[in-house]
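[1] next comes the sequence, and after it the predicted model I'd like to discuss.
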Amino acid sequence: MKTIKSILGISLIALLSFTSCQDEIDNQIGENPNTNDANSVAASNYKRTAMHDGSFDDFLDGNSCSSILLPVIATVNGTQVSVISQSDYQQVLNILGQFNTDDDQVTLQFPFTVRLSNYTEVLVTSQGEYDAIISACEAAEAEGKDAISCLDIEFPITILTYNLNFEQTGSLVIQSEQQLFAYMDNLGNDELFSISYPISIMFSNGTSASVDSDASLQSSINDCLEEQDAEEEAEERADALEQILVDGTFKVQSFVNSGVESANNYAEFTIDFANDLTVKADNVVNALVADVEGTYAVTSQTEVFLSLNFSGSTSFNLLNHTWEVTSFSSTSISLKSTTNAAVTLVLTQI
């Protein structure tokens with residue numbers, strides 16, 4: 001009986017030891033820098049930053065998860081364009097930019113080939129096939145599995161490999177995004193990895209940073225995704241402002257320069273913004289006074305900006321600024337000069 005109890009005791013100790021060891025592995029995976037597995041946050045971050053970024057030609061295909069391999073024939077707002085190389089993108093952009101409030105239409109001629117986020121190249125022969133690619137992209141975006149395009153890793157980087165006993169089994173020098181994606185995509189369940197830090201990253205705004213841990217990379221991703229969201233929101237506000245400008249007729253309600261209010265200099269004028277990016281100030285009191293003509297542009301970063309460029313009038317030349325849009329509604333637009341915050345302009349709709 002004592003022998004049986006001894007055997008049972010030894011077995012229990014062994015089982016507890018194994019369970020404890022397994023718990024240690026489970027608890028450390030994704031936290032210890034040497035124990036990132038295929039399902040860890042770090043693996044997901046590196047895989048997503050290494051995906052093929054198809055957003056550079058979204059004006060052409062409207063799909064950030066894939067890009068079109070040239071050549072392709074597109075009908076842009078009724079005009080057929082043969083896009084042979086990336087230098088031909090400007091033809092498409094010029095057509096799309098002719099009017100800022102029209103409903104742009106780009107129709108692609110089948111067949112054409114796309115490169116997906118996993119670097120696979122697919123021949124698309126019908127709208128149905130392309131709709132399926134777009135739907136898959138939308139699903140990936142909704143699940144947070146699409147490409148992270150707001151930062152790039154600067155190569156080469158070194159990956160250290162481990163087995164499940166946390167023993168280093170080797171190292172691998174990664175030279176490109178595609179090579180990094182392939183490694184993360186094919187990472188086995190019996191493999192662990194870590195990144196040899198520090199590494200350098202480049203943000204989409206052109207600034208660079210050094211990353212010294214998985215947590216540091218996660219923080220950088222969070223920051224740049226937050227800025228990317230702000231840029232997308234600003235772009236939507238810019239579109240709304242353009243529509244308000246084109247649909248309305250405005251007057252200068254207030255123009256303050258160096259502490260002096262000079263709106264009276266513009267009291268006789270109305271300002272009309274056209275959808276071809278021209279602007280005209282019309283004297284509605286004295287028909288003998290010539291119209292003042294100019295151009296305008298609405299742009300955005302994380303804020304919205306309105307640039308005015310009048311010519312032929314001393315008074316209206318004073319309005320030639322790149323203005324930050326501090327607030328706007330369907331009846332009023334408040335602006336602040338980007339070079340001198342003390343210079344402000346308020347346009348109200350008549």
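    Here it is on my side, so go on. Numbers count the residues shown, from 1 in each chain.
[2] where do the helices of this protein begin and end?
    Applying DSSP state H to the chain gives helices spanning 2-28, 41-50, 58-61, 89-96, 127-142, 177-185, 214-247, 314-317.
[3] and among the ones you listed, the most buried is which?
    Of all the helices of the chain, helix 41-50 has the most neighbours on average by mean count of other C-beta atoms under 10 Å, namely a mean of 21. (Glycine included, C-beta is placed from N, CA and C.)
[4] what angle sits between that helix and helix 214-247?
    Inter-element angle recorded for helix 41-50 and helix 214-247: 40 degrees (by axes from the mean of the first three to the mean of the last three C-alpha atoms, to 10 degrees).
[5] how about residues contacting helix 41-50?
    30, 36-37, 145-148, 151-153, 177-178, 180-181, 184-185, 187, 193, 195, 214, 217-218, 221 (C-beta atoms under 8 Å, 6 or more residues apart in numbering).
[6] how about 6 Å then?
    Under the contact criterion C-beta atoms under 6 Å, 6 or more residues apart in numbering, helix 41-50 has outside partners 30, 36, 147-148, 153, 177, 180-181, 184, 214, 217.
[7] ok, residue 96 to residue 321 distance?
    With distances taken as C-beta to C-beta, to the nearest Å, residue 96 is found 26 Å from residue 321.
[8] check the burial of the residue nearest to residue 283 when sequence neighbours are not counted by counting its neighbours.
    Spatial nearest neighbour of residue 283, excluding adjacent residues (C-beta to C-beta, 6 or more residues apart in numbering): residue 289 at 3.9 Å. If you count neighbours by other C-beta atoms under 10 Å, residue 289 ends up with 14.
[9] could you chop the chain up by domain?
    1-28, 31-50+150-236, 55-142, 248-349 (automatic domain parsing).
[10] take the ones you listed and write them to a markdown table, including mean pLDDT and distance to residue 242.
    Putting the domains of the chain into a markdown table (pLDDT from 0 to 100; distance: least, C-beta to C-beta, whole Å) gives the following:
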| stretch | mean pLDDT | distance to residue 242 |
| --- | --- | --- |
| domain 1-28 | 37 | 53 |
| domain 31-50+150-236 | 95 | 11 |
| domain 55-142 | 96 | 5 |
| domain 248-349 | 97 | 5 |
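[11] quick revisit: what is the nearest of the contacts of helix 41-50 to residue 246?
    residue 147 (34.3 Å; C-beta to C-beta).
[12] mind checking pLDDT for the closest one?
    Per-residue pLDDT puts residue 147 at 97.
[13] and the two most separated of the contacts of helix 41-50?
    Longest span within those, C-beta to C-beta: 30 and 177, 22.5 Å.
[14] so how far is stretch 303-312 off the chain centroid?
    25 Å (C-alpha atoms, centre = their mean, to the nearest Å).
[15] stretch 45-59 now?
    For stretch 45-59 - counting by C-alpha atoms, centre = their mean - the centre lies 10 Å from the chain centre.
[16] again with stretch 199-214
    With C-alpha atoms, centre = their mean, you get 16 Å for stretch 199-214.
[17] ok, stretch 317-331 next?
    Stretch 317-331 sits 25 Å away from the centroid of its parent chain (C-alpha atoms, centre = their mean).
[18] next, the buried residues of that stretch.
    318-319, 321, 323-325, 328 (16 or more other C-beta atoms under 10 Å).
[19] quick one: end-to-end length of that stretch, please.
    24 Å (C-alpha to C-alpha, to the nearest Å).
[20] same question for stretch 282-301.
    31 Å.
[21] that stretch: which residues count as buried?
    Neighbour counts over stretch 282-301 (16+ other C-beta under 10 Å) mark 282, 292-294, 296-298, 300 as buried.
[22] quick one: contacts of it?
    Residues contacting stretch 282-301 (C-beta under 6 Å, 6+ apart): 234-235, 238, 241-242, 268-270, 277-281, 305-311, 313, 316.
[23] now, of those, which are buried?
    Buried among these (16+ other C-beta under 10 Å): 234, 238, 241-242, 269, 277, 279, 281, 305-306, 308-310, 313, 316.
[24] for those residues, work out which two are farthest apart.
    234 and 313 (30.7 Å).
[25] what sits against the residue nearest the centre of the chain?
    The centre of the chain sits closest to residue 228, judged by C-alpha atoms, centre = their mean, with a distance of 4.9 Å. Residues in contact with residue 228 (C-beta under 6 Å, 6+ apart) are residue 150.
[26] just residue 76 next, same as before
    92, 95, 106.
[27] who's residue 271 bridged to?
    In this structure, residue 271 bridges to residue 250, residue 281 when assessed by DSSP bridges.
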